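> Kindly generate the corresponding structure for this input.
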Amino acid sequence: MICGIEIHQRLSGRKLFCSCAPSDSEENEAGAKKFARRQHLVASELGETDATARLEAMRDREFHYVAPVHSTCLVEADEEPPHAMNPDALSAALAVCELLSTTPVDEMHIMRKNVIDGSNTSGFQRTSLIGIGGSIRLKAKKVGVQTICIEEESAGILDGQDNKAVYDLNRLGIPLIEIATAPELTSGDEAQEAAEIIGGLLRKTGLVARGLGTIRQDLNISIPGGARVEIKGAQDLSMISKAVELEAKRQQELLKIATESKERLGSRKIEPTFYDVTSTFSETRSPMVFKMLKAGSKAFALALPGFSGLLGREISPNRRFGSELADYARSCGVRGLIHSDEDMGKYGISEDEISEIKVALSLLENDGFAIVLADTKKAHEALSEVAKRASVFGVPEETRRANPDGTSSYMRPLPGKARLYPETDLEPIVITKDMLALAKKKAKEIGAMENEKGALLSKINPELASQLSSLRGLISHNGSFKQLAQTPELSVLSAAVEAGLDYKYAASVLTNVLKGLKREQLDTLALDEPRLLSALHAHREGAFAKAAMADILRYMCENKAASPAEAAKSLGLETLSGAALEKIIREEGLSLPSLMAKYRLRVDAQEAAILFSKMKK
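So this is what the prediction gives:
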């Protein structure tokens, strides 16, 4: 098995081809502009049409757009030509090229990439190659970087239906940097490691956007005898290894099915001939079939010679070969299909109805079938795609969507060169010596920051250091940080070291305690650097015990004006220490275990142990 990975990371700042900046919050739709469009298939500069675009054109959908007034303009609506490329985004991309030892191109040519699924109002995405070559270092080997591109982000989908889709234009046009490795990864673990290394490098630059959805991974995987398959949108880093391994297994199972079905088929062929079997269901007791026929749909069937028993063969967890065919049907705008290996009882389809269909299709013992319920045009298009897929004895090249469980679903054919043609509204961009000098300066600064961060993290244990370096989004950044690439958590830790605080305890608070509060859905953005430092100072001064820190910070999240001392007083968590602690021990006749059980949040365990030792003497 070989695998390559593509990392798509949003850059911070304004959009790529206009002056708008994306909004972090959802704008009230009442204040947004709305419009609708239809998109059409166009040929490349060589007169060819892309298979992906052809398939989308078959769906013939109408696209509706919501354009927030504060984060969009006429460029997003495709009512105005694009402005010159954002120089900050270009500079950031060149700095990444420098960090990966990638050779920048002499001159950037912006291309249009056909995308007519509605995610771009113009019907294409602008993209440009910025660098070639370079490498990353894994634990066991070096992996090459093939290309680095800069492109614009697509719109976010709000709702998708058979004949209509609704998109939010807030994110359309955000600059993306795309890093594609060479196909030199040979396991799921290597693919995950590569994604972690590249993602970590991008975060270190301080030039990228942060938060959910700002980075995603696409995987390109093939096995001997199989084909290159692209899995798009793998956002969960921890699932990459599993996704790669499951895709390799899927291709292996497809090859087994191909061998068996080819033997069964012999000299026969899978003909794209569709039979109207609507009359078979004229008195059906199937609620689903009855409802769809009543709404105007018709039932069409396709014979699948040699596929009986193979349609139900599992190729991935909870996915069968029939699931693959159903995905192909859905790509044409139908809701799915029914195949002969399914339990017809769950649909309410009778044995008599199945027998009639088999007779109508002239099926032999090892033959299967597929049924689609839709209008005549869509049903024929869907079954045509199913017939085409079933006729591929092996693994077809295709683009698939990553599922949360590590499996994937068919989206569309693998796009090719026919989807690209030059951008006519923008001139080529010459990469100057000044641009490259600035990129080298930025890369050197990032390296210096990493050395400083490494020195800081070396003061705490490796496990906490690892957690701390990967944390993000738990607290806000107030801009007081010395180094651009440092995270807010590291800023607090650095300040704790400078103030002589217990920085190991500070590291534990910044990882374990804040993570716990985040899981409770609390507003941890209320805990900025000054408030966190004030809590650490208050603990050192004896305002509350170590064990109470989570409760104190929880109160400060919920009461944004409260100080640590006010939180301790309100919660009744002021520290018991010295003579007051000794008095309670004597009056209540407490042992060390019973004291900690009753007053754990108010007593420092180390102080209590020392006090008991003195009292025994």
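> and the nearest residue to Ala550 once chain neighbours are set aside, which of the three is it?
Spatial nearest neighbour of Ala550, chain neighbours left out: Val513 (5.1 Å); criterion: CB to CB, 6 or more residues apart in numbering. C-beta coordinates here come from the backbone N, C-alpha and C atoms, glycine included. Remark: Val513 carries the secondary structure label helix [criterion: DSSP: H, G, I helix; E, B strand; the rest coil].
> Could you do Ile7 as well?
When states are read from three-state DSSP, the local structure at Ile7 comes out as strand.
> Touching, it and Gly199? I think so.
Yes: using CB atoms under 8 Å, Ile7 is in contact with Gly199, at 6.6 Å.
> Pull up the overlap in contacts between these two.
Common neighbours of Ile7 and Gly199 are listed as Ile215 (criterion: CB atoms under 8 Å, 6 or more residues apart in numbering).
> ok, those two, which is more surrounded?
Each of Ile7 and Gly199 has its neighbours counted (other CB atoms under 10 Å); Ile7 has more, 22 against 18.
> Kindly state the beta-bridge partners for that one.
Ile179, Gln217 (DSSP bridges).
> Could I get the pLDDT score of it?
According to the per-residue confidence, Ile7 scores 96 in pLDDT.
> for it, what are its contacts?
Taking CB under 8 Å, 6+ apart, we find Ile7 in contact with 178-180, 195, 198-199, 202, 215-217.
> try 6 Å this time
If a contact means CB atoms under 6 Å, 6 or more residues apart in numbering, then Ile7 has 179, 198, 217 as its contacts.
> just checking, the first one touches Ile148?
Put plainly, it is Ile179. Yes: if you go by CB atoms under 6 Å, Ile179 and Ile148 touch, sitting 5.4 Å apart.
> quick one: buried residues of stretch 215-235?
Residues of stretch 215-235 classed as buried under the neighbour-count rule (16 or more other CB atoms under 10 Å) are 215-223, 226-227, 229-234.
> can you check stretch 102-112 too?
Of the residues in stretch 102-112, those with enough neighbours to count as buried (16+ other CB under 10 Å) are 102, 104-105, 108, 110-112.
> Next, format the residues you listed as JSON lines and append pLDDT, distance to Ser494 and secondary structure.
Formatted as JSON lines, the entries for these read as follows, by pLDDT from 0 to 100; distance: CB to CB, whole Å; DSSP: H, G, I helix; E, B strand; the rest coil:
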{"residue": "Thr102", "pLDDT": "97", "distance to Ser494": "31", "secondary structure": "coil"}
{"residue": "Pro104", "pLDDT": "97", "distance to Ser494": "34", "secondary structure": "strand"}
{"residue": "Val105", "pLDDT": "98", "distance to Ser494": "39", "secondary structure": "coil"}
{"residue": "Met108", "pLDDT": "97", "distance to Ser494": "38", "secondary structure": "strand"}
{"residue": "Ile110", "pLDDT": "97", "distance to Ser494": "41", "secondary structure": "coil"}
{"residue": "Met111", "pLDDT": "95", "distance to Ser494": "44", "secondary structure": "strand"}
{"residue": "Arg112", "pLDDT": "92", "distance to Ser494": "46", "secondary structure": "strand"}
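> nearest to Ala609, of those?
When those are compared for distance to Ala609 (CB to CB), Thr102 wins out at 57.3 Å.
> give the contact list for the closest one.
When contacts are counted by CB under 6 Å, 6+ apart, Thr102 is found next to 131, 133-134, 145, 148.
> at 10 Å instead, please
With contact taken as CB atoms under 10 Å, 6 or more residues apart in numbering, Thr102 is in contact with 93-94, 96, 130-135, 145-148, 179.
> Would you write a ChimeraX line that selects the buried entries of the residues you listed?
The ChimeraX selection below is limited to those of those classed as buried (16+ other CB under 10 Å):
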select :93,94,96,130,131,133,134,135,145,146,147,148,179
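> And the strands in the stretch 1-150 of the chain?
Counting by DSSP state E, counting those that start in this stretch, the segments of the stretch 1-150 of the chain that form strands are 2-10, 33-37, 62-67, 103-104, 107-108, 111-114, 124-132, 135-137, 142-152.
> Out of those, the one nearest Ser613 is which?
Using CB to CB, the nearest of the strands of the stretch 1-150 of the chain to Ser613 is strand 135-137, at 52.0 Å.
> which secondary structure elements does the closest one contact?
Other elements packing on strand 135-137 under the criterion 3 or more CB pairs under 10 Å, 6 or more residues apart in numbering; DSSP states H and E are strand 142-152, strand 175-181, helix 188-204.
> what's the average pLDDT for the shortest one?
Averaged across strand 175-181, the pLDDT comes to 97.
> Stretch 255-268 now?
In this model, stretch 255-268 carries a mean pLDDT of 93.
> Return the distance of it from the chain's centre.
Using CA atoms, centre = their mean, to the nearest Å, the mean C-alpha position of stretch 255-268 is found 37 Å from that of the whole chain.
> Run through this protein and note the low-pLDDT ranges.
When residues are selected by pLDDT under 70, those of the chain lie in 25-30, 162, 449-490, 617.
> Return the residues in contact with the residue nearest to Ala550.
By CB under 10 Å, 6+ apart, the contact list for Val513 reads 474, 505, 524, 527, 532, 535, 549-554.
> go again using 7 Å as the cut-off
With contact set as CB atoms under 7 Å, 6 or more residues apart in numbering, Val513 has these partners: 549-550, 553.
> One more: Glu324?
Glu324 makes contacts with 389, 410, as judged by CB under 7 Å, 6+ apart.
> per-domain residue ranges of this structure.
According to automatic domain parsing, the chain is divided into the following domains: 2-258+418-422, 270-390, 460-575.
> In CSV, list these along with distance to Ala439.
As requested, the domains of the chain are exported to CSV (distance: least, CB to CB, whole Å):
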stretch, distance to Ala439
domain 2-258+418-422, 4
domain 270-390, 42
domain 460-575, 15
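> quick one, strands of the stretch 301-450 of the chain?
Listed from the start of the chain, the stretch 301-450 of the chain has strands (DSSP E, counting those that start in this stretch) covering 314-316, 319-320, 338-339, 368-374, 398-402, 408-413, 420-422, 429-430.
> Any idea which of those strands gets closest to Asp327?
With distances scored as CB to CB, the stretch of the strands of the stretch 301-450 of the chain nearest to Asp327 is strand 408-413 (3.6 Å).
> chain center to the closest one, what's the gap?
On the basis of CA atoms, centre = their mean, strand 408-413 sits 16 Å off its chain's mean C-alpha point.
> for it, which positions count as buried?
When burial is assessed from 16+ other CB under 10 Å, strand 408-413 yields the following buried residues: 408-413.
> Strand 398-402 and that one, what's the angle between them?
With axes from the mean of the first three to the mean of the last three CA atoms, to 10 degrees defining the directions, strand 408-413 sits at 140 degrees from strand 398-402.
> Can you list the strands that strand 408-413 pairs with?
strand 398-402 (antiparallel).
> Pull the residues that contact the partner strand.
Counting contacts by CB under 7 Å, 6+ apart, the residues outside strand 398-402 that touch it are 229-234, 243, 408-414.
> one more time with 10 Å
Residues lying outside strand 398-402 but in contact with it, judged by CB under 10 Å, 6+ apart, are 51-52, 216-221, 227-236, 239-240, 243, 247, 250, 324, 327-328, 331, 389, 392, 407-415.
> what distance separates it from the centre of its chain?
Between the centre of strand 398-402 and the centre of its chain there are 13 Å (CA atoms, centre = their mean).
> Name the nearest residue to the spatially most central residue of the chain, sequence neighbours excluded.
With distances taken as CA atoms, centre = their mean, Gln235 lies nearest the centre of the chain, 2.3 Å away. Using CB to CB, 6+ apart and skipping the chain neighbours, the partner closest in space to Gln235 is Arg216 (5.0 Å).
> any idea how far that neighbour lies from Tyr328?
Here the distance between Arg216 and Tyr328 works out to 24 Å (CB to CB, to the nearest Å).
> Is the residue lying closest to Phe393 once chain neighbours are set aside in a helix, a strand, or coil?
Distances taken as CB to CB, 6+ apart put Ala258 closest to Phe393, at 4.1 Å, once the chain neighbours are dropped. Remark: Ala258 carries the secondary structure label helix [criterion: three-state DSSP].
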